[in-house]
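A.B. asks: structure for the following, please:
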Amino acid sequence: MNVTVSLGERSYDVVLESGARHHLAALIAARAPRAKTVAIVTSPELAEQPWFNVTSGLAQHLVTVPEGEGAKTLTWLGALLEELAELELSRDDVIVAVGGGAITDVAGFAAAVYLRGVAIVHVPTTLVGQVDAAIGGKTAVNLRAGKNLAGAFHQPIGVLCDFDTLVTLPERERLGGLGEVAKCWLLEGGFAAELAGVSLHDLIEMSVKFKAAVVGADEFEGGKRALLNYGHTLAHALEKVSLARSIDELRHGEAVAIGLAFAVRLAHALGRVDDSEIERHDEVLSALGLSTKVPAHCPTSSLLEAMAHDKKAHHDLTFVLAGAEGFEVVPDVDPAVVQEVLERFRGEQ
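C.D. replies: Reported below is the predicted structural model:
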C-alpha cells in the first residue's frame, strides 16, 4: 500500500510492501526525470545482504558508510560529500539511502547540503527506519555535545519500505523499532489489549500513517509535530551518556521505550494524569516486549545535565507529556521534580 505525505508540490508516497525496493527505477523516472546518475549510500554489511539488488535503471555507484551511529559524524558527512563530488553528481541526479535510521539521517543531510540540495530516496531497512527515521525530512548528524545537533529539513522524493529487508533484521533491532511503534500507539490512545492479533506489518502501517498525517500538518515542527518527540527528552540523554561509552550500548528505540515509561510518571507527578495512564503505558510497553530499565551506568546527574542541553529543551527542561486534554509540550519543568521522579523510577526496577 501507499501512504502519502501531503506537502503540496513536494508531496511523496511511502510504499509499504514486500519488494518495495523494486519500485526504485520507476520512482526516479517519475520524480527525477532528468537524473542520469544515482549514488546509493549504504553500509558494507548491508551491501552483502541477499536482498540487496537495488536497481535504479541509471548509472549507479555504491558509496559506503559505517553501520549505525558511527556514520552520524561530521567526519563521515564530509567524506560522503567528497565522494559525491568525485562522482560529479549533478543537481539533477539522485542519492538513494539504503539502511537504517543512521544511514538515512547522514545521507539525507548530505543530500540537503550537496549543491544546496539534491533529490533523495530512502529505502529504510530497519523497523525504526521504516516507522520513523526515513519519513518526514529530518536529517542530522551528532556532535560531541549531543545527538542530531547538526542537520536540516530535507524531504525525500519517495520512501520505499520493503518488508523483505526486515527478514534479516536482528531481534534487538526489531525490538528497538518497536520503541517508536509504542510511541505512536500511545499517542493514538491505544491499549495493550488492542495489540492482540495485530501483525508487525499492521504496526508499521499504523505508525507510518500517523507520522505522515503529523508531518503533513506541521512540516517544520512548529506545533503538532513536536508531539513526535514524546519520550525523547530522556531517550536522547540516555543515548548521549551511553554513546560516550560505546556506540552499540543502547539503541534509539530502546532509549525511547525507557523515555516513554518515565514521561508518564513525570506527568503523574505533575498532576496531569492518574494511575490508569501509567498502567496503560506499562501494559503497552510490556505487550511489545520492551524493557524500561534505566542502564546502571547512566547516573541521574549526567542524565539531568544531558536533558537540559537537548536540542528540544529551549534552555530549560522541556518534555512532551500526557494531560487531561491530550499530549502537549510542557516547558520549564522543575528540575527537582524531574530528579525525584527519575530516582523513584529507577527504584522501581
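
A.B. asks: how deep is the nearest residue to Met206 once chain neighbours are set aside tucked in, by neighbour count?
C.D. replies: Leaving out its chain neighbours, the residue that sits closest to Met206 by CB to CB, 6 or more residues apart in numbering is Cys184, at 6.5 Å. Any C-beta I mention is one placed from the backbone N, CA and C, and that applies to glycine too. For Cys184, the count of nearby residues is 21 (other CB atoms under 10 Å).

A.B. asks: Cys184 and Phe210 touch, don't they?
C.D. replies: Yes: taking CB atoms under 8 Å as the definition, Cys184 is a contact partner of Phe210 at 4.6 Å.

A.B. asks: could you say what helices and strands the host helix or strand of the residue nearest to Met206 packs with?
C.D. replies: Using DSSP states H and E, Cys184 sits in helix 171-187. Applying 3 or more CB pairs under 8 Å, 6 or more residues apart in numbering; DSSP states H and E, one finds that helix 171-187 contacts helix 127-128, helix 200-217, helix 252-269, helix 275-287.

A.B. asks: for the helix or strand just after the last one, list the C-alpha coordinates in CSV.
C.D. replies: Sequence-wise, the next helix or strand beyond helix 275-287 is helix 300-308, with elements assigned using DSSP H and E. Extracted C-alpha coordinates of helix 300-308, given in CSV (Å, rounded to 0.1, in the frame of the first residue of the first chain):
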residue,chain,number,x,y,z
THR,A,300,20.9,10.6,37.3
SER,A,301,23.1,13.8,37.4
SER,A,302,24.5,13.0,34.0
LEU,A,303,21.0,12.4,32.6
LEU,A,304,19.7,15.7,34.0
GLU,A,305,22.6,17.6,32.5
ALA,A,306,22.1,16.0,29.1
MET,A,307,18.3,16.6,29.2
ALA,A,308,18.9,20.3,29.9
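
A.B. asks: in helix 300-308, what counts as buried?
C.D. replies: Residues Leu303, Leu304, Ala306, Met307, Ala308 are the ones in helix 300-308 that count as buried (16 or more other CB atoms under 10 Å).

A.B. asks: check the offset of that helix from the chain's centre.
C.D. replies: Mean-position distance between helix 300-308 and its chain equals 22 Å (CA atoms, centre = their mean, to the nearest Å).

A.B. asks: just to revisit the earlier point, who's in contact with the helix holding Cys184?
C.D. replies: By CB atoms under 8 Å, 6 or more residues apart in numbering, the surrounding residues in contact with helix 171-187 are 100, 126-132, 166, 195, 200, 203-204, 206-207, 210-211, 227-228, 230-231, 251-257, 260, 280-281, 284-285, 288-290, 327.

A.B. asks: spatially central residue in the chain, please.
C.D. replies: By CA atoms, centre = their mean, the mean C-alpha position of the chain lies nearest to Ala133, the distance being 3.1 Å.

A.B. asks: coming back round to it: what mean pLDDT does the helix holding Cys184 have?
C.D. replies: Mean pLDDT, computed over helix 171-187, is 95.

A.B. asks: tell me where the protein has strands.
C.D. replies: Counting by DSSP state E, the chain has strands at residues 2-5, 12-17, 37-42, 59-64, 94-99, 119-124, 138-143, 146-153, 158-162, 319-323, 326-330.

A.B. asks: and the first one, how far out from the chain's middle?
C.D. replies: Computed by CA atoms, centre = their mean, the separation of strand 2-5 from the middle of its chain amounts to 17 Å.

A.B. asks: now that strand - C-alpha only, CSV.
C.D. replies: This file holds the C-alpha atoms of strand 2-5, laid out as CSV (Å, rounded to 0.1, in the frame of the first residue of the first chain):
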residue,chain,number,x,y,z
ASN,A,2,1.0,3.7,-0.4
VAL,A,3,0.8,6.4,2.3
THR,A,4,1.1,9.9,1.1
VAL,A,5,2.9,12.6,3.0
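
A.B. asks: alright, I will stop here.
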